[in-house]
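> Test case, fold it:
(chains A and B)
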2 protein chains.
Amino acid sequence: MESRESVGNREQQGDPPLPTGHCPLPTRLVVQKYGGTSLGDAERVRRAARRVAETVEGGTRVVVVVSAMGQTTDALIALAHQVADEPDERELDHLVSTGEQVSASLLAMALLDLGRPAVSLTAGQAGIRTDRLFTRARITDIRADRIRRELERGVVAIVTGFQGVTEDEDVTTLGRGGSDTTAVALAAALGAERCEIYTDVEGIYTADPRLVPTACKLDRISYAEMLELAQLGARVMHPRAVELGEVYGVPILVRSSFSEASGTLIDRGAADERTDSVEVRKHVRGVVHDIDVAKIRIMGVPDRPGLAYAIFSPLAEAGISVDTIVQNASLDGKTDLSFTVARADRPRAVNLVEQLVPDIGAAGLDYADSLAKVSVVGTGMQSAPGYAARMFGALAAADINIDMITTSDIRITCLIDAARVEPALRSLHAAFELDQP
Amino acid sequence: MESRESVGNREQQGDPPLPTGHCPLPTRLVVQKYGGTSLGDAERVRRAARRVAETVEGGTRVVVVVSAMGQTTDALIALAHQVADEPDERELDHLVSTGEQVSASLLAMALLDLGRPAVSLTAGQAGIRTDRLFTRARITDIRADRIRRELERGVVAIVTGFQGVTEDEDVTTLGRGGSDTTAVALAAALGAERCEIYTDVEGIYTADPRLVPTACKLDRISYAEMLELAQLGARVMHPRAVELGEVYGVPILVRSSFSEASGTLIDRGAADERTDSVEVRKHVRGVVHDIDVAKIRIMGVPDRPGLAYAIFSPLAEAGISVDTIVQNASLDGKTDLSFTVARADRPRAVNLVEQLVPDIGAAGLDYADSLAKVSVVGTGMQSAPGYAARMFGALAAADINIDMITTSDIRITCLIDAARVEPALRSLHAAFELDQP
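Just a heads-up that it's a prediction; the model follows:
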């Protein structure tokens, strides 16, 4: 660490790289991402700075990725809608990107105030290149020369999350889950040992602890399981970032910025499986729920090719995201086709489908707004029989009716009445023996 | 204008330059600068956008320079002091520069919402290069390629004022008066017809209208006169920007963003002098005041070489800015030396000088905090006799005692009791016949 201490104040030293030959720098490198809640006010910024400083003092080089403080992004978007009916997307991205710039500068100041060399970098300065799809850009390339230069000089690089620049240096944002994505992408580009996501919960739980008091924190979970959990409503991490972690093999540690708890490690999970005995291994890792579900059912649909396309392409064109789709062919050549959408999209979806009903020769439609999805998730469920039966049994024992059922390799999902989510989760949590630590 | 209309939405068209051969673009170009009050809320941003749009519709190309909205900069600086005792200057610049980025994006959105092609540009995107003196950088170069490209395509370029980037793409700020400086520098670099400064007053007045109800707006004023007024307390424009305008011969129009009043034109002033008859020309253009004045007097100073240096170099080292200095040599080889400082600096200045008094063989010191400067300013005063006498007479008639007097080519300044500023200004305003429009 002495070698790094000697860097002193960046500005006073000018910019020449240090002679690294004499003092080998630590080779460990982690990327730490701090979310909006973890940087919600000045005191929290200072707390995050202390954690970064401790990691550096422990002999690890750190690149930090930050979100905007608290509700900054929402406030800026509201302001945009006050000046323009339909804010231009390029300008919207330039506007909201200032939120992360503020966090990055403040965190750098707080670190420098602790005597730790640090520098805030905008996406352009950090070399994060994207396509030109404003408000939903994809990272195309990371030219991390500047970050590497800062790291070599013992400086903590603090990078604005959620954003990038085009080849023309126009600022873009990455859309939902953007800061997590930046952090994992940077960890991959820099070959970091792992990516640490600091948030306001202690990790990934077997169920939402607010609804299931016996929920346990998982020490470790596979990318695939986390993807299912994330897509099904565990809001801790965005699926996009988990996917990127899987593709590039970046271990992701999710932990709280407000405690010293060890968090949950997301990785390939193979080591986990080796250490557990096959007999005691639990296939189900968690129970998740999503209450933002509306169901639309089209009744008496003729069972012929092209009908699914005729129904779902107008919805896609209208920008309505369709989730679960269930169709049961019946004996008389007619079928009922049901699908779910977010509640906010339900009225528009019903309007569109109503116009289609005569054209496709269907009998009619109905819909329900207050539904919820409950899912059990875990690798290896497919190869171990009886999981579906155990799930249905647990719901029946809690006197909960199942409206729709869908499954994947590592997930079973039931659509139920939204009012019954809490007893459903508790019953499933107990039935799959998740209550025991 | 039809040629410009056809540009349509920038983003949808991609970036290729338009074939300008077919549709000659307007050749007139102005730079318009909108200050923080003019962009204080969403409604004011929309109002500024309408004014820019009207200028464009009148056949003039426009580059806009913006300040941060209202009190944004102060709020960001306060936040910085909450996270760090002494915020790092590089990080402080990165932090506060977001304020202008927000204004620029919002104004671009508002213009696009009016159907006018517009693009916000950060200092880096606009090619404004500075030295590395964070918080007080100087513009070294403007590489205006991107701005020119946007103008050629009929797009209004909206540039963040008050900031630049170093060769390493680090963001700097220009310090006080920074946005005015950006605007004048851009007007010079682009060869604009003039630089328009939109603010919350209608122009430059013969005195502060809040203190002198008969004060008149000046239609025209020379750079030199404006410089004296600006340095003496007329807060409308920063001297640095006026100086830059003079050096590059950029006419500057100061006007209100809240009215259609014609404002005050700052230029070489030659045309003004030609159109007026010599007989009726008023040499005094305005009366200004500054109430942030403390005076320190060192009594019985031996009148020998090197003493002024011995007194003022410790003050300069302590970062205390000394304003007016007056020394009267006396017959007995002793002199009284008086000087003024900002009131906030007075206690430190007195401490320093008290330590010097025995060394330099002076008799002692005293000081006064509640003083003010009143000045009359105008070119040609030197060549027309009697101005000083008329000033002293007017103050005497108002029963106001004069504490110190200093003069320059185009200015006479008297130090008086701060409590008497208002009657002093009114009396001077009347005496120099500024009351008549």
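> so how far does stretch A:121-134 reach from one end to the other?
20 Å (CA to CA, to the nearest Å).
> Run through the helices of the stretch 301-437 of chain A in chain order.
Assigned by DSSP state H, counting those that start in this stretch, the helices in the stretch 301-437 of chain A fall at A:307-317, A:346-360, A:387-397, A:421-431.
> how many neighbours does A:N351 have?
Look at A:N351: counted by other CB atoms under 10 Å in any protein chain shown, it has 10 neighbours. No exception for glycine: its C-beta is placed from N, CA and C like everyone else's.
> Just say which of the helices of the stretch 301-437 of chain A is most tucked in.
helix A:421-431 (a mean of 21; mean count of other CB atoms under 10 Å in any protein chain shown).
> tell me the angle that helix makes with helix A:387-397.
For helix A:421-431 against helix A:387-397, the angle by axes from the mean of the first three to the mean of the last three CA atoms, to 10 degrees is 130 degrees.
> ok so, going back, nearest to A:L133, out of the helices of the stretch 301-437 of chain A?
For those, the distance to A:L133 is smallest for helix A:307-317, at 17.4 Å, taking CB to CB.
> between the closest one and helix A:346-360, how many degrees?
150 degrees.
> now the helices of the stretch 301-437 of chain A in a markdown table, with mean pLDDT and distance to chain B?
Shown next, in a markdown table, are the helices of the stretch 301-437 of chain A (pLDDT from 0 to 100; distance: least, CB to the nearest CB, whole Å):
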| stretch | mean pLDDT | distance to chain B |
| --- | --- | --- |
| helix A:307-317 | 82 | 18 |
| helix A:346-360 | 91 | 24 |
| helix A:387-397 | 86 | 48 |
| helix A:421-431 | 93 | 40 |
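> so where's the stretch 151-300 of chain A shaky on pLDDT?
A:231-234, A:270-282 (pLDDT under 70).
> Could you list the residues of it in contact with chain B?
For the stretch 151-300 of chain A, the residues in contact with chain B (CB under 8 Å from any CB of the partner chain) are A:168-171.
> Just the buried ones from those residues, in ChimeraX syntax?
Restricted to buried positions by 16 or more other CB atoms under 10 Å in any protein chain shown, the ChimeraX selection for those reads:
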select /A:170,171
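> for the residues of the stretch 151-300 of chain A next to chain B, which one is nearest chain B?
A:E169 (5.6 Å; CB to the nearest CB).
> shaky segments in the stretch 1-150 of chain A?
A:1-26.
> Name every strand pairing with the top strand by length along chain A and say which way it goes.
Looking across chain A with DSSP state E, the single longest strand is strand A:286-302. Applying DSSP bridges, strand A:286-302 is found paired with strand A:334-341 (antiparallel), strand A:364-377 (antiparallel).
> If we go by neighbour counts, what in the first one is buried?
Within strand A:334-341, the residues that count as buried by 16+ other CB under 10 Å are A:335-341.
> and the residues of the stretch 151-300 of chain A next to chain B, which of them are in strands?
By the criterion of DSSP E, membership of these in strands covers A:V171.
> Find the closest residue to chain B in the stretch 301-437 of chain A.
Per CB to the nearest CB, A:G319 is where the stretch 301-437 of chain A lies closest to chain B, at 17.6 Å.
> Dead centre of chain A: give me the residue that sits there.
Residue closest to the average C-alpha location in chain A (CA atoms, centre = their mean): A:H238, at 1.0 Å.
> if I pick it, what's in contact with it?
A:176-178, A:180-181, A:230 (CB atoms under 8 Å, 6 or more residues apart in numbering or on different chains).
> Show me which of the residues you listed is closest to B:F392.
Once CB to CB is applied, the member of those that ends up nearest B:F392 is A:G178, at 68.4 Å.
> Please report phi then psi for the closest one.
Note on A:G178: backbone dihedrals following degrees, to the nearest 10 are phi -60, psi -40.
> and the closest residue to it other than its chain neighbours, how many neighbours?
The shortest distance from A:G178 to any residue other than its chain neighbours is 3.4 Å, reached at A:F162 (CB to CB, 6 or more residues apart in numbering or on different chains). A:F162 is flanked by 29 other residues according to other CB under 10 Å.
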